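**Q** Need coordinates for the below:
(one chain, ligands or ions: 2)
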Amino acid sequence: MSKMAPPEELMNVNYSTPSEPWMDVRPEFKPGTFSYPGKPDVLKYLGLPNPRDWSPTEEDWKLPPDWRETIRDGFRELLGKYRSLKVFMDCCVRCGACADKCHFYIGSGDPKNMPVLRAELLRSIYRGEFTVAAKILGKLAGARKLEEDVVKEWFMYFYQCTQCRRCSLYCPYGIDTAEITFLARDLMNRIGLNINWILEPAANCNRTGNHLGIQPHAFKDMMDFLVDDIETVTGRRVEPSFHRKGAEILFITPSGDIFAEPGIYTFMGYLLLFDYLDLDVTWSTYASEGGNFGSFMNDKWMKKLNAKMYAEAKRLGVKYIIGGECGHMWRVLNQFMDTMNGPADFLEVPKSPITGTVFENAKSTKMIHLVEFTADLIKNGKLKLDKSRNAGITATWHDSCNTSRGMGFFDEPRYVLENVVEKFVDMPSQTIREQTFCCGGGAGLNNGEFTEMRLRGGLPRGNALKYVQEKFGVNTMSCICAIDRATLPGLADYWAPGVKVTGLHELVGNALVFEGEEERTMNLRQEDLPGLEGSEEEE
Ligand code: SF4
Ligand code: SF4
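**A** Ligands and ions are numbered 1, 2, ... in the order given. Okay, here's the model as predicted:
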């Protein structure tokens, strides 16, 4: 990772327009701004073409000899398969409404990070290859030829897009640049232009069930550690079950939650909640990843990794699936599952065994988000919660792009949060809910070598966070996405030091009051509760 410049320097973004026409500006691969290519053995495992060692900083990218034909044929195939692509290629009027809406443009000032221009990188080839008039008029009509510099530019800028869809919100024609990025990545995969931080997690998900490649016994061992920690904090021994056939519910969450802070505390919150409700729920090491890394590659892998979860639900004979605090799992579920692998008719429409609420919204997917399940419990008075267990917290809410813009969860998480903390403040309205700003690490960009660009992309979110930190004393940002939980602590340390990041069910787990429980002195992080600091040492 390159040494980071201080925030004052990164904030000083140059928004001036380059003097040369954009087609003449070559991409510059500087450390910190691109992700490392896919490793040959991972490409081989995934059956992807052109496995080789190569570097974006070298002139020769070792493309296959027929790469132009492959791209042309692939583009033609995708245009035939997805009407949306054809519409997106044809209907942009270059009004510029999306131009300043991308966090990577705001943080870098690079015009090719304007969504309109990012899409133009592909559109110019569409015009040059597939439209007669533009083919003849060439540059005058915004068309260009398929040269190596073009695919180098694609690699730079389509891997500088987190597929967050913020830009699409402002487009009067509904052009979804995230989908353009998705399809551009599909094309690049066909000639071996991909990044390892997407491919390796996807390969691991396929092989072991989770993106980290954790083997079943290790997954169980890690869960046992967290069960021990819960006992230390609460005095309760929770007993999660694995691969239990005939359980009512299969629970699937991002594997990042079992592996690292702060996700592990959210994971402990899940375990406590299920124990509190005596929920008939099983875990699976085969479906031990909610995140869909295939959705950063192409439709084939997105479909396969989504199908894996449903295959496990079928094998176990559960009634329905509850999913944990994940981001892209929900985007895939809400936007693609039904036409890709659905409807999941072998499962039942989710019905809360505690409140009797039937989740009609999940009629075809048969899968609900834990946040809607928990909000329903609170609304029906089924949870005894003690906000003072989270005393000292002034919280704000980060709407994760995939669960908010991609799924519509705006009110449920805020409702849960307001029921478990004493103080809650939203960030400025133009940075939340539908208009939320990305963490900068989505769509496979949460890797170490990309840190500078990710922090640049994190500027708008960091700026809004700093505002509520300074104005209202916000010291905690909560969210329901594992990539956010991995990315936001670094973002907060850089742009708003002193703010910590939590998952929502960590705070729920802290606040849950069990009948006849032992008095708690610590939260799930094993920090003393306010007023009890140092009490153990004094005894
Ligand atoms: S989808 Fe998000 S990251 Fe991609 S161009 Fe649009 S705003 Fe930028
Ligand atoms: S807002 Fe839509 S139509 Fe306007 S420039 Fe952006 S993509 Fe094109």
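**Q** residue ranges with poor pLDDT in the stretch 101-250 of the chain?
**A** Residues of the stretch 101-250 of the chain that meet the criterion pLDDT under 70 are absent altogether.
**Q** where do the helices sit along it?
**A** Along the stretch 101-250 of the chain, counting by DSSP state H, counting those that start in this stretch, helices occupy 103-108, 115-130, 132-137, 148-158, 166-170, 177-189, 196-208, 216-234.
**Q** With respect to ligand 2, which of those lies nearest?
**A** Ranking the helices of the stretch 101-250 of the chain by proximity to ligand 2 (CB to the nearest ligand atom) places helix 115-130 first, at 3.8 Å. In this view, the C-beta of every residue, glycine as well, is placed from N, C-alpha and C.
**Q** same for that closest one, what does it pack against?
**A** Using 3 or more CB pairs under 8 Å, 6 or more residues apart in numbering; DSSP states H and E, the elements in contact with helix 115-130 are helix 67-81, helix 83-90, helix 132-137, helix 148-158, helix 177-189.
**Q** Please see if it touches ligand 1.
**A** Yes - under the criterion of CB under 6 Å from any ligand atom, helix 115-130 makes contact with ligand 1 via 115, 118.
**Q** That helix versus helix 177-189: what angle between them?
**A** Calculated by axes from the mean of the first three to the mean of the last three CA atoms, to 10 degrees, helix 115-130 forms an angle of 50 degrees with helix 177-189.
**Q** Could you check the angle helix 115-130 makes with helix 148-158?
**A** Orientation of helix 115-130 against helix 148-158 (the same axes, to 10 degrees) gives an angle of 150 degrees.
**Q** Alpha carbons of helix 115-130, as PDB, please.
**A** Listed in PDB are the C-alpha atoms of helix 115-130, where the atom choice follows Å, rounded to 0.1, in the frame of the first residue of the first chain:
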ATOM      1  CA  PRO A 115     -20.700   8.500 -14.600                       C
ATOM      2  CA  VAL A 116     -21.600  10.000 -18.000                       C
ATOM      3  CA  LEU A 117     -18.000   9.700 -19.200                       C
ATOM      4  CA  ARG A 118     -17.400   6.300 -17.500                       C
ATOM      5  CA  ALA A 119     -20.300   5.000 -19.600                       C
ATOM      6  CA  GLU A 120     -19.000   6.800 -22.700                       C
ATOM      7  CA  LEU A 121     -15.800   4.600 -22.500                       C
ATOM      8  CA  LEU A 122     -18.100   1.700 -23.600                       C
ATOM      9  CA  ARG A 123     -20.600   3.800 -25.600                       C
ATOM     10  CA  SER A 124     -17.900   5.100 -27.900                       C
ATOM     11  CA  ILE A 125     -17.000   1.600 -28.800                       C
ATOM     12  CA  TYR A 126     -20.600   0.700 -29.300                       C
ATOM     13  CA  ARG A 127     -20.900   3.600 -31.700                       C
ATOM     14  CA  GLY A 128     -17.700   2.700 -33.500                       C
ATOM     15  CA  GLU A 129     -18.500  -0.900 -33.900                       C
ATOM     16  CA  PHE A 130     -22.300  -1.200 -34.100                       C
END
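**Q** and it, how far out from the chain's middle?
**A** 26 Å (CA atoms, centre = their mean, to the nearest Å).
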